[in-house]
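In: model the following, please.
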Amino acid sequence: MSTLLYAELAATCSALGYFDGSKYYIDIHCQETIKDLIRYLRRDDENHEIRRYIGEAKILQADLLPMLKDYWQKSDLFDVLLRLLVNLTNPALLLYREELPAEKTSRNYYLQIITHLQSYKAAFCDDRVWALLSVKLGDILKIDSMEREEEKGLVIERILILVRNVLQVPADPEVEKRTDNDASVHDQVLWALHQSGMVDLFLYIACSENEQQYYMHILEIVSLMLREQNPAQLADAAITRSVEEKERDEVELLAIRQEEIRQRQTKVKKFTGARHSRFGGTYVLRDMKSISDSDIIYHKPLNTLDSLDFDQDKTKQRRPKNRLPMRDEELQRRSAFSIRLFLKEFCVEFLNGAYNTLMYHVKVSACIYISLMVMVQGPVKLHWLFIQFPENSFQ
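Out: Residues are numbered from 1 along each chain as shown. Below is the predicted model of the structure:
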């Protein structure tokens with residue numbers, strides 16, 4: 001990044017306002033400043049330097065979200081702020097045209113953007129943010145779809161895309177270090193959506209035939225909400241735990257307890273029973289040379305001879321992030337009990353009230369889109385769509 005561009009970005013971010021810990025105070029030209037940031041992002045280069053600078057400076061956590069909480073009732077400011085939030089939370093793969101960068105530097109930039117998105121997702125665990133967006137979305141949905149202005153429809157779509165962008169951010173189990181039955185960052189975002197009433201609005205849009213233009217967004221949001229869930233465990237969730245669940249938890253707890261005892265015994269043997277005895281003598285390993293031409297002299301007990309390893313004291317070489325193999329995104333874990341319970345209730349309401357209608361219209365829209373693509377690009381392989389949406393799903 002050039003020095004001039006760096007100075008312009010720093011001055012632009014400083015002109016947003018400041019947060020004193022309880023209230024955010026915007027600058028006089030805050031709205032124009034946000035529009036400038038949107039223009040900067042639109043002219044970003046292939047290395048996404050401006051986007052990475054905004055992520056490193058934590059503008060979203062320090063300025064944008066506090067500004068949204070205090071000034072969400074200002075319509076003009078809310079619109080441009082929502083546009084900037086949607087832009088910043090766009091999927092990293094979409095920025096690279098759905099192709100993983102193969103070059104070393106580009107892959108490093110890609111991983112850096114993923115890290116920024118994960119920090120954004122942690123910031124969106126605040127239920128107050130979703131409560132304000134829920135109020136805004138609910139007020140617009142109260143207006144009849146035939147009388148609704150085009151700008152109002154764009155606000156609905158941007159809020160749904162923002163939810164989609166936040167939910168699609170991949171989890172990092174190595175950083176979170178969450179066990180089963182514990183609330184991960186994804187679970188905390190889901191719980192914030194549930195507490196704010198946003199999930200109820202998703203059900204309303206899915207059940208309403210006047211909101212068909214948003215069905216694809218709702219379907220994607222639902223799939224991301226259930227991304228890490230095991231269907232069997234989700235279906236078995238109940239207010240009172242079943243006998244099988246209690247027995248399974250007891251078996252897992254016993255296995256963990258036995259593993260702790262085994263590790264403790266191993267540690268005791270290592271520092272007491274396996275201590276070298278000065279009366280045991282010294283041994284020579286034949287046909288195994290040391291640094292010199294002489295045979296290796298072995299001072300440890302003979303019962304540990306099978307575990308002779310010359311690499312145990314060496315520092316393991318770390319592999320750079322941009323050379324690590326890509327992790328499988330198919331991650332399944334058991335969320336906290338309250339999360340599983342509300343997701344089960346959501347699935348029951350969704351299946352009973354909205355599934356058939358929503359999937360029918362989604363299939364029709366997909367077929368129209370495919371027909372247009374065939375007319376423009378020629379015949380392509382389209383059988384994957386009908387494999388994922390079988391005919392018996394719409395009966």
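In: alpha carbons only for contacts and neighbour counts from here, please
Out: Will do.
In: got the contact list for L4?
Out: Taking Cα atoms under 8 Å, 6 or more residues apart in numbering as the criterion, L4 is in contact with no other residue.
In: now it: phi and psi?
Out: For L4, the backbone dihedrals are phi -70, psi -40 (criterion: degrees, to the nearest 10).
In: same thing with Y283?
Out: For Y283, the backbone dihedrals (degrees, to the nearest 10) come out as phi -120, psi 150.
In: for K314, see how far away the nearest residue to it once chain neighbours are set aside is.
Out: Leaving out its chain neighbours, the residue that sits closest to Y283 by Cα to Cα, 6 or more residues apart in numbering is Y298, at 5.1 Å. Distance, Y298 to K314, by Cα to Cα, to the nearest Å: 19 Å.
In: isn't the residue nearest to Y283 up against R286?
Out: No. Taking contact to mean Cα atoms under 8 Å, the distance of 10.6 Å between Y298 and R286 leaves them out of contact.
In: and the two? Which one has more around it.
Out: Per other Cα atoms under 10 Å, whichever of Y298 and R286 has more neighbours is Y298, with 14 against 10.
In: give me the neighbour count for Y355.
Out: Number of residues near Y355 (other Cα under 10 Å) recorded here: 19.
In: next, the contact list for it, please.
Out: So, once contact is read as Cα under 8 Å, 6+ apart, Y355 ends up touching A206.
In: pLDDT at it, what is it?
Out: On pLDDT, Y355 comes in at 87.
In: cool, E391 as well?
Out: 41.
In: and L331, by the same measure?
Out: The per-residue confidence score, pLDDT, reads 66 for L331.
In: could you give me the average pLDDT of the strand or helix carrying L254?
Out: Under DSSP states H and E, the secondary-structure element containing L254 is helix 243-268. Mean pLDDT, computed over helix 243-268, is 80.
In: cool, and stretch 214-233?
Out: 87.
In: show the end-to-end separation of that stretch, please.
Out: Stretch 214-233 end-to-end distance (Cα to Cα) = 30 Å.
In: so for it, what gets flagged as buried?
Out: Residues 214-222, 224-229 are the ones in stretch 214-233 that count as buried (16 or more other Cα atoms under 10 Å).
In: go on, stretch 138-145?
Out: Going by 16+ other Cα under 10 Å, stretch 138-145 has these buried residues: G138, I140, L141.
In: can you map out the helices along the stretch 201-350 of the chain?
Out: Secondary structure of the stretch 201-350 of the chain (DSSP state H, counting those that start in this stretch): helices located at 215-225, 231-236, 243-268, 337-353.
In: adding distance to H186, write those helices out as CSV.
Out: As requested, the helices of the stretch 201-350 of the chain are arranged in CSV below (distance: least, Cα to Cα, whole Å):
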stretch, distance to H186
helix 215-225, 9
helix 231-236, 16
helix 243-268, 23
helix 337-353, 10
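In: pLDDT weak spots in the chain?
Out: Scanning the chain with the threshold set as pLDDT under 70 gives 1, 179-181, 238-245, 270-281, 300-310, 312-313, 321-331, 369-395.
In: can you map out the strands along it?
Out: Secondary structure of the chain by DSSP state E: the strands cover 17-19, 24-26, 283-289, 295-298.
In: which one of those is the most hemmed in?
Out: Among the strands of the chain, the stretch with the highest mean neighbour count (mean count of other Cα atoms under 10 Å) is strand 24-26, at a mean of 18.
In: can you list the strands that that one pairs with?
Out: Strand 24-26 pairs in its sheet with strand 17-19 (antiparallel), by DSSP bridges.
In: who's in contact with the strand it pairs with?
Out: The list of residues contacting strand 17-19 from outside it, by Cα under 8 Å, 6+ apart, reads Y24, Y25, I26, D27, C30, A62, D63, P66.
In: what is the second one paired to in the beta sheet?
Out: Partner residues in beta bridges with Y25: Y18, with DSSP bridges as the criterion.
In: which phi and psi does E99 have?
Out: Its backbone dihedrals place E99 at phi -130, psi 130, with angles given as degrees, to the nearest 10.
In: so what's the residue count around it?
Out: Residues contacting E99 under the criterion other Cα under 10 Å number 10.
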